[in-house]
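1. The amino acid sequence is not available; the structure is as follows:
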């Protein structure tokens, strides 16, 4: 029992913590980068209710599904090679190096998204097409890209994708875009 559930639990919990830090670092990096472009005025690019719903509704289901149902190794493999349990204890994604790469990755993703969207909105290329170029619309565009990227990130982290996991992940994307 410990061999099976202990190994899976270590994998799930370390992935949950890593992903939670990633998605929140990504969100805060977007806010930080906008504040530097905005001249340090303190006005956030996203409305407060979007920020509040980010962790509670828009990104909660996929990581919850991963934390409850993901299996990095099947039970047959763990039973056949019990030494894998020891290696899973020594190899954890909760290392200082993995957090460093996660921070760099989240900041890099935020830099790319905010840089591209800000460049498109601020250079006036959307005005001739008759599209809205307000700061609110720019914030929604950045937030939508943020939601998509964190959903794809959890999809890349998941080792065993089940029908329930797909429903949670892609259903949440559909819910967000239906709402926005």
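-> Received, thanks. Bear in mind the structure is a predicted one, so any value in this text is a computation, not a measurement. Numbers count the residues shown, from 1 in each chain.

2. quick one: the helices in the chain?
-> Shown for the chain, the helices assigned by DSSP state H span residues 7-37, 48-53, 60-69, 75-80, 83-90, 96-122, 135-157, 163-179.

3. For those, give me JSON lines that also has mean neighbour count and mean pLDDT.
-> Backbone N, C-alpha and C define where each C-beta goes, glycine included. Output for the helices of the chain, formatted as JSON lines (neighbours: other C-beta atoms under 10 Å; pLDDT from 0 to 100):
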{"stretch": "helix 7-37", "mean neighbour count": "18", "mean pLDDT": "84"}
{"stretch": "helix 48-53", "mean neighbour count": "13", "mean pLDDT": "86"}
{"stretch": "helix 60-69", "mean neighbour count": "19", "mean pLDDT": "73"}
{"stretch": "helix 75-80", "mean neighbour count": "12", "mean pLDDT": "64"}
{"stretch": "helix 83-90", "mean neighbour count": "12", "mean pLDDT": "58"}
{"stretch": "helix 96-122", "mean neighbour count": "15", "mean pLDDT": "88"}
{"stretch": "helix 135-157", "mean neighbour count": "18", "mean pLDDT": "87"}
{"stretch": "helix 163-179", "mean neighbour count": "14", "mean pLDDT": "83"}
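
4. Can you tell me how far residue 152 is from residue 9?
-> Going from residue 152 to residue 9 by C-beta to C-beta, to the nearest Å gives 25 Å.

5. Centroid-nearest residue for this structure?
-> For the chain, the residue sitting closest to the mean C-alpha position, by C-alpha atoms, centre = their mean, is residue 150 at 2.6 Å.

6. Could you tell me how far that residue is located from residue 23?
-> 5 Å.

7. what do these two both touch?
-> Both residue 150 and residue 23 are in contact with residue 59, where contact means C-beta atoms under 8 Å, 6 or more residues apart in numbering.

8. Could you tell me which residues make contact with the nearest residue to residue 155 once chain neighbours are set aside?
-> Leaving aside its sequence neighbours, residue 155 sits nearest to residue 169 (C-beta to C-beta, 6 or more residues apart in numbering; 6.2 Å). Shown in contact with residue 169 (C-beta under 8 Å, 6+ apart): 61, 62, 65, 151, 154, 155.

9. Would you enumerate the residues in contact with the last one?
-> When contacts are counted by C-beta under 8 Å, 6+ apart, residue 155 touches 62, 161, 169.

10. How about the third one?
-> Residue 65 makes contacts with 158, 162, 164, 165, 168, 169, as judged by C-beta under 8 Å, 6+ apart.

11. Repeat that for residue 172.
-> Contacts of residue 172 (C-beta under 8 Å, 6+ apart): 57, 58, 59, 60, 61, 62, 151.

12. Now for the fourth one: which residues touch it?
-> Contact analysis of residue 60 by C-beta under 8 Å, 6+ apart lists residue 172.
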